[in-house]
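Student: Could you look at this predicted model? Sequence included:
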Amino acid sequence: MTDNKFSIVRLILNADKFEILVKPDPALDYKLGKKVDISNILVSDEIYSDANKGTRVPNEKLIKNFKTKDQIEIAKQILEHGDVNLTTDQRRRMVEEKKKQIIQYISRNFIDPKTHLPHPPLRIENAMEQIRLVIDPFKRSEEQAKKIIDSLRKILPLKSENLQLIVTVPSQFSAQSYSIIKGIGDLKDEKWLQDGSLQVIIEINAGIRGTFIERINSITKGSAQIQEQ
C-alpha cells in the first residue's frame, strides 16, 4: 500500500496506532506548509490501526483518543500531527534539496581562513560526504548545518568572519537599494547626503561579500561605491 500511488501517515496516541492512506505528493505538500484541501489528499476516509492489513480502528477507540468519530476531522488531526511515510523518490528529492540548502548555508556563513573567500559548493559537498552526513529531510537546514560544523572543520578549514562595508548609492537607486541592504546584513549607520545619495555602514558575513556586491551593482547599474571600513 505504500507504493507511488498511496502512502501512509501514522500517529501514535496513548500507545494506540492510527493510520490513514494518502496520495504521497499532496500529503507531503501539506506537511511542508502548503495549502492543500483534505479531499485532494485522502485516498479514503477510513482510519486504520494497520493500513497494510486493512484493520480499521473501532469507533470507541476513535472517540477515546480524538473526542469524535468524524473520520474526516480525525484524518486532519492525523495528517497534522502524524509522520508521513515518504516514498523512495520523495525522500531522495527532499534529501537532495536539503543538502543544497545546507551547503548554501555553510557557503554564506563561513569562509576559508587562508583565502578569506567562501569554499566552492563542490568542495563543501565532498567534505560532507567524507563525514558521512545523514540528512534529515524534515529538519531545518540551518539546524543541521550548525551541528556538523565541528566535524567538517576536521576536513575543511572554516571560519565565521564579519566585515563592515561603507555603501554609497546614487539618489535614483536609493529607495530600491535600501530594502535590499537592510534585508541582507546588520545596518550600523545610515545617512542621506546633500545630493540625495544614501550612505550606509553595513555589517555582513564575509562569505556573502561577493553576492552582496553583485546584487547592489545589479540594482545600481554599477554606480554604487562600496568599500571596506
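Tutor: Looks like it came in fine.

Student: For the residue of the chain most remote from its centre, pull up the helix or strand it's in.
Tutor: Relative to the mean C-alpha coordinate of the chain, counting by Cα atoms, centre = their mean, the farthest residue is residue 194 (42.4 Å). Counting by DSSP states H and E, no helix or strand carries residue 194.

Student: try residue 44
Tutor: When elements are defined using DSSP H and E, residue 44 is found to belong to no helix and no strand.

Student: ditto for residue 143
Tutor: In this structure, residue 143 sits in helix 141-153 according to DSSP H and E.

Student: what does residue 212 give?
Tutor: When secondary structure is defined by DSSP H and E, residue 212 falls within helix 209-220.

Student: Likewise for residue 165?
Tutor: Counting by DSSP H and E, the element that carries residue 165 is strand 162-169.

Student: ok, residues contacting that strand?
Tutor: Residues outside strand 162-169 that contact it (Cβ atoms under 8 Å, 6 or more residues apart in numbering) are 177-178, 181, 188, 193, 197-206, 209, 212, 216, 220, 223-229. (Each C-beta comes from the backbone N, C-alpha and C, glycine too.)

Student: Tell me the buried residues within the residues you listed.
Tutor: Neighbour-count burial within the contacts of strand 162-169 applies to 177, 181, 197-198, 200-202, 204-206, 209, 212, 216, 220, 224, 226; the criterion is 16 or more other Cβ atoms under 10 Å.

Student: Let's see which of those residues end up in strands.
Tutor: Secondary structure defined by DSSP state E assigns 198, 200, 201, 202, 204, 205, 226 of the buried ones among the contacts of strand 162-169 to strands.

Student: Which single one of the residues you listed is nearest to residue 147?
Tutor: residue 205 (18.8 Å; Cβ to Cβ).

Student: wait, the closest one sits on residue 107?
Tutor: No - the criterion here is Cβ atoms under 8 Å, and residue 205 misses it with residue 107 at 10.2 Å.

Student: Lowest-scoring secondary structure element of the chain by mean pLDDT?
Tutor: Of all regular secondary-structure elements in the chain, judged by mean pLDDT, DSSP states H and E, the least confident is helix 171-184 with a mean of 88.

Student: May I have the helix or strand following that helix exported as CSV, CA atoms only?
Tutor: Past helix 171-184, further along toward the C-terminus, the next helix or strand under DSSP H and E is strand 186-192. What follows is the C-alpha trace of strand 186-192 in CSV, where atoms were taken according to Å, rounded to 0.1, in the frame of the first residue of the first chain:
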residue,chain,number,x,y,z
ASP,A,186,23.2,44.5,10.1
LEU,A,187,22.7,48.2,9.4
LYS,A,188,25.1,50.1,11.7
ASP,A,189,24.6,53.6,10.3
GLU,A,190,22.8,55.4,7.6
LYS,A,191,22.6,59.0,6.3
TRP,A,192,21.3,60.9,3.4
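
Student: Just checking: what are the partner strands of strand 186-192?
Tutor: Paired strands of strand 186-192, with direction, are strand 198-205 (antiparallel) (DSSP bridges).

Student: got the domain boundaries for the chain?
Tutor: If you go by automatic domain parsing, the domain ranges for the chain are 7-84, 88-153, 162-228.
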